[in-house]
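Engineer: Got a sequence here, can you build the structure:
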Amino acid sequence: MTFFLAFLFSLIAPGAGQAYNGEWKKGVRLAVSFVLLSGLFDSTQRELTHGTLFYKVTITTVFFLQVGIFIGGLVEALIRAARLRGTPLHKDWKKAIFFCVVVTLFRILFKLIGGQGA
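Structural biologist: Alright, predicted model coming up:
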């Protein structure tokens, strides 16, 4: 159950799974990075002229950094929880990680197309 909680906390808020695992500094770094990138993503969409090459490069870079931090935090929290409890990850957890990646991508894509998710 503790693997699931670390995974769930990270799914809800980046860095929360790390904090649950007792890695507070890592959790704060992930959370602050994600929030700063979210702010940069939103301000880039408001301030830059849409359609310019600089806009496209900036928004794409920020998007992939944000996805990387979110997915990396989820996977790291799950693996670290397993190691802390002395339990190896087996095939079912690999499926859970894949599911997590898919859910994250859909959340971020929903945000990109104008929804209020993520």
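
Engineer: all helices for this protein, in order.
Structural biologist: Secondary structure of the chain by DSSP state H: the helices cover 2-12, 16-20, 24-47, 53-85, 91-112.

Engineer: most packed of the ones you listed?
Structural biologist: helix 16-20 (a mean of 23; mean count of other CB atoms under 10 Å). (C-beta placed from N, C-alpha, C; glycine too.)

Engineer: Look up how far Val62 lies from the residue positioned nearest the centre of the chain.
Structural biologist: Among the residues of the chain, the one closest to the centroid is Phe70, at 1.1 Å (CA atoms, centre = their mean). According to CB to CB, to the nearest Å, Phe70 stands 12 Å off from Val62.

Engineer: Run through the residues that contact Pro14.
Structural biologist: Pro14 is in contact with 30-31, 33-34, 69-70, 73, counting by CB atoms under 8 Å, 6 or more residues apart in numbering.

Engineer: redo that, cut-off 7 Å
Structural biologist: 30-31, 34, 69-70, 73 (CB atoms under 7 Å, 6 or more residues apart in numbering).

Engineer: okay, among these, which ones form the most distant pair?
Structural biologist: Greatest spatial distance among the contacts of Pro14 (CB to CB): Ala31 and Phe70, at 10.8 Å.

Engineer: about what we covered before: let me know the closest of the contacts of Pro14 to Leu8.
Structural biologist: For the contacts of Pro14, the nearest to Leu8 is Gly73 (12.5 Å; CB to CB).

Engineer: What are the neighbouring residues in contact with that closest one?
Structural biologist: 10, 14-15, 17-18, 30.

Engineer: Flag the shaky bits of this protein, pLDDT-wise.
Structural biologist: Under the criterion pLDDT under 70, the flagged ranges of the chain are 1, 48-49, 87-104, 106-107, 110-118.

Engineer: Please convert the contacts of Gly73 to CSV, extending it with distance to Leu40.
Structural biologist: Output for the contacts of Gly73, formatted as CSV (distance: CB to CB, whole Å):
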residue, distance to Leu40
Ser10, 21
Pro14, 15
Gly15, 17
Gly17, 23
Gln18, 22
Leu30, 16
